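Colleague: sharing a model that was predicted from the sequence below.
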Amino acid sequence: MSLAVSLRRALLVLLTGAVFILTVLYWNQNVIKTQAYTESQLRPHAQKDHQFIPIPLEKSWTYKCENDRCVRVGYHKNGQDAKRVSFISCSMTCGDINIWPHPTTKSLISAHTLRFSVEDVQLHLDSPHREVCKQLKLSFDWFLKQLRQIQRLNYAVHTSEMPMAASAASGGSESASRLRQHNTDPDVAETPPVASLFGATFSSHRAGDLESLQVKISVHKSGELDFKLDNDESYQLSSTFENRRIVVHITAHTFFGARHGLSTLQQLIWYDDEERLLRTYASSLINDVPKFRYRGLMLDTSRHFFTVEAIKRTITAMGMAKLNRFHWHITDAQSFPYVSQHYPELAEHGAYSESETYSEQDVREVNEFAKMFGVQVLLEIDAPAHAGNGWDWGPKRGLGELSLCINQQPWSFYCGEPPCGQLNPKNNHTYLILQRLYEEFLKLTGPTDMFHLGGDEVNLDCWAQYFNDTDLRGLWCDFMLQSNARLKLANGNVAPKHVVVWSSALTNTKCLPNSQFVVQVWGGSTWQENYDLLDNGYNIIFSHVDAWYLDCGFGSWRATGEAACSPYRTWQNVYKHRPWERMRLDKKRRKQVLGGEVCLWTEQVDESQLDNRLWPRAAALAERLWSDPNDDHDFDILPPEVFRRISLFRNRLVELGIKAEALFPKYCAQNPGECI
Amino acid sequence: MLFNRFKHCNLTLLLCAALAASIAVAVADDSSESAGNSRSKWVCDSTDLCLPEKEVLSAAVVENNHHRFESQRDCRLSCGKYGSIWPMPTVECTLSNERVHFDPWKVRFNVVAPNPVTTQFLRETNRLFVSNLLKECLRNCTLGSSKEVLVKAAVNDSSLLLDWTTDEGYMMVVRTTDAVTFVDIKASTVYGARHAFETLTNLVTGSLSNGLLLVSAARVHDRPAYPHRGLLLDTARNFMPLRYMRNTLDAMAASKLNVLHWHVVDTHSFPLEITRVPEMQQYGAYSTGQTYSHMDAVNLVKYARLRGIRILLEIDGPSHAGNGWQWGPSSGMGNMSVCLNRTPWRNYCVQPPCGQLNPLNEHMYAVLKEILEDVAELGAPEETIHMGGDEVYVPCWNHTDEITTEMKKRGYDLSEASFLRLWSQFHQRNLQAWDEINRRMFPSVSAAKPVILWSSRLTDPEHIEQLLPKERFIVQTWVGAQDPLNRNLLQRGYRLLISTKDAWYLDHGFWGSTSYYNWRKVYDNALPVAPRAASNQLPQVQQAAQVLGGEVCMWSEYVDQNSLEARIWPRAGAAAERLWSNPRSSASLAQRRFYRYRERLIARGIHPDAVVPHWCVLHEGQCL
């Protein structure tokens, strides 16, 4: 009985479906007729024996590969038998491998490409480490989710924001994302949801060249899941095609390497809007390993608050670009958005508002999210300077002044930018609170061998008002050593192997032991301190203000004083910067360079500009640190090949909903090499 | 009719309000502990800073007559002569410290206008006004016991004409009796009235409890310093979807800017549909999705009008015209554009891709006339056109045999003077076509409309008078503030639009050796002043404003929808105050009003750039 009912139901559903399809088809047919009629009426030049122009208009051109460059040519001139090549398919098959950052060791791809749908993708995990498998599965789910978005199967996204982003994204020839009044092409006349519905259920699955695309990920050597500076991030990716089946092998020593392999695979796949299917190479072989271990991006969430959602979006893009450290400058003198479990007073007094805070749960969520993209979250409570608002409740609780000079005026006497505030180096409670905060951070982000203590821009005049020590710099040094000792206590009495501090007057002395301290150099790239720090044996992370500060170039935000660090660093500036080459470092000193980081201070940035301030410029750094390409032609002008790849990478970011800035007029994206 | 609907809603609204109020009370109780400091009262101190009461107390400057406000924004409404009105009123402005607590749904409107079209316009204005008010609400907008607010708007002029002669001034009086608050708006045109409504939204802020706060008594008498307050938007280098165009218009309306100079086409692409010549768009657009249909443009013009904004279309030529013009040869019309997409581009143009119209091709003029016809159809009868005319690259023409041969045949030599002559003839000819179209299409508009050209070698003061008659051509200059060009052209009697290259080019700072101009620099850019004697050379009606105003320019080489809003806003707002109020004071005195203006843009759904750390907005006077 119940079987009969369900059968009847199924039949009914099928029937409704068939009627629906027929209606749509019939309706399209009508559209063609009426449109053709009205068109001949409307066009005054029609009588002039005009050649037929296909609509939508991107169908009127195709791309040819000439000297490793995709050239746009009129399609109607070619005769109708040759198939139209979409911009992206040409880009992906013309010239060198089109992924960002460029693989370092080896990359071969076949000219033969095949069509498939995201439903054809299968995962096989091969690892003795259960936790690794679990983590890889999570990363893979995201990989699939993004493929689905690229193939525009994501209905929810599609109906709202996506068509816009998508149409801006693909270089020359996206499928019509909006219904236009003169779309006579039957494929395009459908509204987008219908198109994707059809694509998903009928045509695409059948039309592909593949039965399946199997992704086999093997991680044997190490079950390491904690972020270490020495994590092996290398991977090998190879794929073969046989019996309508592509098998992709990703082999890596660690989860981290395998994750990068997955990210590379994602860039070997593209959405061909001519076919409305995904495409990839029939075979490929890539051996890849990063040149630098620390590839970071710093975001300041104190000058302006950024939502967890915005941070996650940033991390998604970092994963695409294979950046691996998200340096979260979570507090500063302006605000204290982190709600500590032990000391909620900090946020109560220091956050801009109740809604502009990060709970422990928020931080944990960001951390777990980041791990799926192979990104470590490094939290920084800047100290002793850059700590004011949020630290003012000490006296009320009988803990004494935790921080001094809070919001003191005239600010220029006591700090680098308003508002002032510098922790009290002679109050034991201050250290205790720091220790608790460190403890919470370590608990939230998991065990690591790296921690950031801040430590920059101490203004000794601030302290001089309170203490008559003759050696105030010594006080600063003691502060850093004391907080480092607290860090050790917070970390279960194990000192983290690498403790990062910003470069400052203090790092020019030898007060901090070079065995443990890493200096993040943010001064000018030509300054003497660069050499001195290396000579003094410190490991270094470069964040040179004149190349890798992404906030520069928007003028002074105060009425007085000059612009801090103009001009704007273009993506080419970011890309061209190679301090280790310019400084002619020998092998030993080069080893002391752990990597680099772009910094986004947010005096003049809030959430609505976050994406376009960061991207695609942070991606330029990503390739600099991952592949560190040689500057054969002195780099005054970047090779066209770099433009071609970063332009496509930018489109990929936009496709995933990241509002990256435009690199150049779209004409230049559609006609690679013509604008250089 | 409208009234009736409100009545129906009233019962449900009341119920909702009661519910919301009880929830709000509960929430307030919860949060009163943690948000303790935001609960303290605010005062406006003697230096026009809004500060928490306790801070002022500790500084021992508080006097008994200081008014206590519930929030910083409440304080800002009347702190300082201009409160938070942006741009600042020019004639008279007095604001009371008292507030009326009201419900935006309970504002009643009374429109006094001479005819149905103006009445209709004002009704639409009222609707937009209410929707803007709602965006100011912090919590629930409904209020159980709202004061009644009656807004009366009276307009004399029966026409909807909007051009450089339109009177955009208004007078607004707010007064409050025991039961009712009256807002009395008087303006000669509907556009003046809509600006008054814009000012009225600046007298309102969200209350910490439900509903809104309105300054209870005010007198504002206001009119703009310049009739042309514009923003140039380039949609050819990178396409801007309509949604972003409308956002831009919304933000312009909030700033009392009144001209969107739509640089719709360029060498790179031709996104605009020309119904008479569909080939333009078919060959020139980036893709199907990245186009503006004729109807899109018509609707956009209407959308702008309702917000007091003209859309001035620019069809750039003879330079900056390439893609879209490719189809000449295949349809037997010859090369309408030359040097098209030629490489290496540096030999043929100033920026890739190349393309320059062929001034000796008759078909090109025919097509261009059809385009002009479409453009005339899009705009209001009184609207004119921007004909571009910048950056002609003579070597392009000079390297094209087709052109040089024909020139020789017609008796030209190949000197620069000849090319300039050819170039000016191009404009003269299009002007004739434009006149002919307008006479035919709008016989009611009697005077021939002047058209606009960019400054170029053609507008060189040395020979401009021989090439471009001053009655017919308005020059939009794009030179640096120190360049003598403006002065020279003004002396010769030309009317100008000013787009100061080293202050009002919003695309600068991201390419080459250009630098970014922050809002202060944009604000402080004073426009040149015409010498008195010079304007006598013009007919009487045109003398009034020889400097018609100016435009900030958003060229889109490095901007698309992803960064458009942040690049334009809030900086264009700084220019808006320069153009509306032309203040003598510098940006420093405007900053707190400016920050509030920026927040209003955000409330209205725009994404302006941040200009200072959030802390500095909350702590006035601490970040100097």
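Modeller: Yes, it's here.
Colleague: what are the buried residues along stretch A:379-397?
Modeller: A:379-394 (16 or more other Cβ atoms under 10 Å in any protein chain shown). To be clear about C-beta, it is placed using only N, CA and C from the backbone, and glycine gets the same treatment.
Colleague: which of the helices and strands in chain A ranks last by mean pLDDT?
Modeller: helix A:186-189 (a mean of 36; mean pLDDT, DSSP states H and E).
Colleague: for residue B:166, the count of nearby residues, please.
Modeller: The number of residues packed near residue B:166 is 22, by other Cβ atoms under 10 Å in any protein chain shown.
Colleague: pretty sure it contacts residue B:193?
Modeller: No - contact criterion Cβ atoms under 8 Å: residue B:166 and residue B:193 do not qualify, at 11.9 Å.
Colleague: just the strands in the stretch 301-450 of chain A please.
Modeller: Secondary structure of the stretch 301-450 of chain A by DSSP state E, counting those that start in this stretch: the strands cover A:325-331, A:376-383, A:403-404, A:422-423, A:450-454.
Colleague: helix, strand, or coil at the residue minimising distance to the centre of chain B?
Modeller: Note on chain B: the residue nearest the mean C-alpha position is residue B:257, at 3.6 Å, using Cα atoms, centre = their mean. Using DSSP: H, G, I helix; E, B strand; the rest coil, the secondary structure recorded for residue B:257 is coil.
Colleague: now swap in residue A:271 and tell me
Modeller: Per three-state DSSP, residue A:271 ends up strand.
Colleague: that one pairs with what?
Modeller: Partner residues in beta bridges with residue A:271, using DSSP bridges, are residue A:278.
Colleague: gap between it and residue B:513?
Modeller: 39 Å (Cβ to Cβ, to the nearest Å).
Colleague: let me see the mean pLDDT of stretch B:244-255.
Modeller: Confidence for stretch B:244-255, expressed as mean pLDDT, is 98.
Colleague: is there any residue in it that contacts chain A?
Modeller: No - using Cβ under 8 Å from any Cβ of the partner chain, stretch B:244-255 stays clear of chain A, coming no nearer than 9.1 Å.
Colleague: buried set for that stretch?
Modeller: B:244-255.
Colleague: now do stretch B:507-519
Modeller: Buried residues in stretch B:507-519 (16+ other Cβ under 10 Å): B:507-510, B:515-519.
Colleague: turn these into JSON lines, including secondary structure, distance to chain A and pLDDT.
Modeller: Below are the buried residues of stretch B:507-519 laid out as JSON lines (DSSP: H, G, I helix; E, B strand; the rest coil; distance: Cβ to the nearest Cβ, whole Å; pLDDT from 0 to 100):
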{"residue": "B:507", "secondary structure": "coil", "distance to chain A": "11", "pLDDT": "97"}
{"residue": "B:508", "secondary structure": "coil", "distance to chain A": "10", "pLDDT": "97"}
{"residue": "B:509", "secondary structure": "coil", "distance to chain A": "5", "pLDDT": "95"}
{"residue": "B:510", "secondary structure": "coil", "distance to chain A": "5", "pLDDT": "95"}
{"residue": "B:515", "secondary structure": "coil", "distance to chain A": "6", "pLDDT": "93"}
{"residue": "B:516", "secondary structure": "coil", "distance to chain A": "5", "pLDDT": "95"}
{"residue": "B:517", "secondary structure": "coil", "distance to chain A": "7", "pLDDT": "96"}
{"residue": "B:518", "secondary structure": "coil", "distance to chain A": "3", "pLDDT": "95"}
{"residue": "B:519", "secondary structure": "helix", "distance to chain A": "8", "pLDDT": "96"}
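Colleague: what is the most widely separated pair among those residues?
Modeller: Across those, the longest distance by Cβ to Cβ is 16.4 Å; it joins B:510 and B:519.
Colleague: count of neighbours near the closest residue to residue B:139 other than its chain neighbours?
Modeller: Excluding the flanking residues, the one nearest residue B:139 by Cβ to Cβ, 6 or more residues apart in numbering or on different chains is residue B:210, at 5.4 Å. By the other Cβ under 10 Å criterion, the neighbourhood of residue B:210 contains 21 residues.
Colleague: check contacts around the residue of the stretch 351-500 of chain A found nearest chain B.
Modeller: Relative to chain B, the nearest point of the stretch 351-500 of chain A is residue A:418 (4.5 Å; Cβ to the nearest Cβ). Contacts here follow Cβ atoms under 8 Å, 6 or more residues apart in numbering or on different chains; on that basis residue A:418 touches A:407, A:409, A:411, A:558, B:616, B:622-624.
Colleague: ok, now with 7 Å
Modeller: Going by Cβ atoms under 7 Å, 6 or more residues apart in numbering or on different chains, residue A:418 touches A:411, B:616, B:622-623.
Colleague: check the gap between the spatially closest residue to residue A:244 that is not a sequence neighbour and chain B for me.
Modeller: Using Cβ to Cβ, 6+ apart and skipping the chain neighbours, the partner closest in space to residue A:244 is residue A:211 (4.4 Å). Distance, residue A:211 to chain B, by Cβ to the nearest Cβ, to the nearest Å: 33 Å.
Colleague: count of residues packed around residue A:211?
Modeller: 12.
Colleague: can you count the residues close to residue 75?
Modeller: The chain I'm using is chain A. 20.
Colleague: wait, chain B
Modeller: Counted with other Cβ under 10 Å, residue B:75 comes out at 26.
Colleague: now residue B:521
Modeller: That count, for residue B:521 with other Cβ under 10 Å as the rule, works out to 19.
Colleague: please identify the helix or strand for it.
Modeller: helix B:519-523 (DSSP states H and E).
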